[in-house]
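Asker: Model the following, please.
(one chain, ligands or ions: 1)
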Amino acid sequence: MQPHYDLLIVGGGVLGAFHAYHALQKGLRVAILEKDQLPQGSSVQNFGQIVPSGMDAKWQLYGRKSLEIYKSIQANVDISLRQNGSVYIASDEEEMTLLEELATINKANDYPSQLLTANDCLQRYEGLRADYCRGGLFFPEEITLEPRVALHRILAFLTEQKGLHYFPQTLAIGIDSSATGCRVVASDKRVFQADQVLVCNGYEFQTLFPEIYREGDLQAVKLQMILLEQQPAQRIPGSILTGLSIRRYESFQECPSYQSIKAKEDPDSLSKKWSVHILFKQTADGAIILGDSHEYADIFDKESLRIEIKTAINEYMMEEATKIFNLQTWNIRETWVGMYTQCKNSDVFQRKIDDRIHLLTGIGGKGMTGSAGFSYENINHILGK
Ligand SMILES: Cc1cc2nc3c(=O)[nH]c(=O)nc-3n(C[C@H](O)[C@H](O)[C@H](O)COP(=O)(O)OP(=O)(O)OC[C@H]3O[C@@H](n4cnc5c(N)ncnc54)[C@H](O)[C@@H]3O)c2cc1C
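Answerer: Below you'll find the model as predicted:
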């Protein structure tokens, strides 16, 4: 017979893990049920860029709280955090205008950022092409993580040092509640009991409450990603975001010139067709994560996105990337497809089945940045405080 938990979380991705973290900080008995041995979902498929600078005003605050939380965990245990800052590199005068406007907004928000001349950027970022760079905006507080290990280390830290009960290879297939608590049934017939259950299922919608997700406006997003071989000697610190990200990320939508600049863009460009923007993140061993593209479908029609990697998209991303950096090697070590879910009309998908069962997903492309800070606040709603 399993113990009775205060909070049981289905799904050990970053959203589940950080709700567990905050509940454990409050001294609660917490369990996570994870269908895989270690999570393999969006939270390990990403760049590991923790970039509050790209978020809208609301999520920038969550992201800034996340920075504090990640740094405090890193002070206890190595979760692969590096504080090398993020930089946005402008490729033309329009993008430079947006950087200048965002710098002014940051000043008003008390979020440190520093405008860089083209020369500053070329000095700091080895291999950056002079014919691409017009200038940059640097965020010194921001961090990177190694996506393949960071979440797994956070879960190990929670288990070993904070008392989390982590149940791997445990697929939750049924949840019900009564006046005395919730019962969660796993596919191997184990039964778990808890006061509250939070389902952070990522992009898995078939198993629990499919009818509720069907009523929402959730979309599945497929992303293509590339890992370039280790650069023998070239080191490019932090998160590198480039012109197309300046034209895409939410934070820039608050800039006075944003609408007029967007209105001039070519609607038929390949970057628009595949929603490509070019981001670089060098891993601790010197390889470079390069991405990404975005293709969209209804969550119950994910199959229409198909499993294959489109060569044309990867070739386009490689071609654009070579216009930005001269790298020592462009050899590809791996390519992969990532997936996340997002809402068409809101920033996150949250539903209550009743006072004890809560659903949470659809955090989109901001989960590694926003989840730790968002769950700091949201855990009180889940616990009814
Ligand atoms: C390619 C890519 C690049 C990205 N880059 C960044 C980035 O650099 N910065 C950033 O901030 N964000 C980034 N994101 C977004 C971020 O990764 C996601 O927002 C975040 O990981 C979502 O976390 P999650 O916990 O909701 O989902 P997931 O990580 O998918 O976790 C859900 C978990 O629930 C488990 N599960 C589901 N159903 C059950 C069940 N019934 N029983 C048991 N377990 C179950 C799954 O196995 C999975 O482990 C990126 C995403 C992708 C795909």
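
Asker: Residue 117 and the ligand: what is the separation?
Answerer: The gap separating residue 117 from the ligand is 27 Å, by C-beta to the nearest ligand atom, to the nearest Å. (Glycine included, C-beta is placed from N, CA and C.)

Asker: Same question for residue 60.
Answerer: Applying C-beta to the nearest ligand atom, the value for residue 60 to the ligand is 12 Å.

Asker: before we move on, what about residue 313?
Answerer: Residue 313 sits 13 Å away from the ligand, going by C-beta to the nearest ligand atom.

Asker: That residue: which element?
Answerer: Residue 313 is located in helix 311-322, with elements delineated by DSSP states H and E.

Asker: now do residue 227
Answerer: Applying DSSP H and E, one finds residue 227 within strand 218-228.

Asker: And for residue 341?
Answerer: Residue 341 belongs to strand 332-343 when assigned by DSSP H and E.

Asker: How about residue 36?
Answerer: Here residue 36, judged by DSSP H and E, is contained in no helix and no strand.

Asker: closest point of the stretch 251-385 of the chain to the ligand, which residue?
Answerer: Of all residues in the stretch 251-385 of the chain, residue 367 sits closest to the ligand, at 2.1 Å by C-beta to the nearest ligand atom.

Asker: measure the closest residue to that residue other than its chain neighbours to residue 291 for me?
Answerer: Excluding the flanking residues, the one nearest residue 367 by C-beta to C-beta, 6 or more residues apart in numbering is residue 14, at 5.3 Å. To residue 291, residue 14 is 18 Å away according to C-beta to C-beta, to the nearest Å.

Asker: cool, and residue 369?
Answerer: According to C-beta to C-beta, residue 369 stands 15 Å off from residue 291.

Asker: Of those two, which one has the most company?
Answerer: Relative neighbour count places residue 369 above the other of residue 369 and residue 291, with 29 against 25, counting by other C-beta atoms under 10 Å.

Asker: hmm, back to that, helix 311-322 and the strand holding residue 341, what's the angle between them?
Answerer: 100 degrees (axes from the mean of the first three to the mean of the last three C-alpha atoms, to 10 degrees).

Asker: who's in contact with residue 140?
Answerer: Contacts for residue 140 (C-beta atoms under 8 Å, 6 or more residues apart in numbering) come out as 85, 112, 113, 114.

Asker: er, residue 113 I mean
Answerer: Residue 113 touches 53, 102, 103, 106, 107, 137, 138, 139, 140, counting by C-beta under 8 Å, 6+ apart.

Asker: Now, of these, which are buried?
Answerer: Buried by 16 or more other C-beta atoms under 10 Å: 53, 102, 103, 106, 137, 138, 139, out of the contacts of residue 113.

Asker: Can you verify my assumption that the third one contacts residue 137?
Answerer: It refers to residue 103. Yes - contact criterion C-beta atoms under 8 Å: residue 103 and residue 137 qualify, at 5.8 Å.

Asker: Give me the common contacts of the two.
Answerer: Listed as contacting both residue 103 and residue 137 by C-beta under 8 Å, 6+ apart are 113, 114, 115.

Asker: Before we move on, what's the pLDDT of the closest residue to residue 201 other than its chain neighbours?
Answerer: Once flanking residues are discounted, residue 201 sits nearest to residue 11: 5.1 Å by C-beta to C-beta, 6+ apart. On the pLDDT scale, residue 11 is placed at 98.

Asker: so which residue of the stretch 101-250 of the chain comes closest to the ligand?
Answerer: The ligand sits closest to residue 202 of the stretch 101-250 of the chain, with a gap of 2.4 Å, by C-beta to the nearest ligand atom.

Asker: Could you confirm residue 32 falls within a strand?
Answerer: Yes - under the criterion used here (DSSP: H, G, I helix; E, B strand; the rest coil), residue 32 sits inside a strand.

Asker: The strand holding residue 341 and the ligand in contact?
Answerer: Yes - Strand 332-343 reaches the ligand (C-beta under 6 Å from any ligand atom) through 338, 339, 340.
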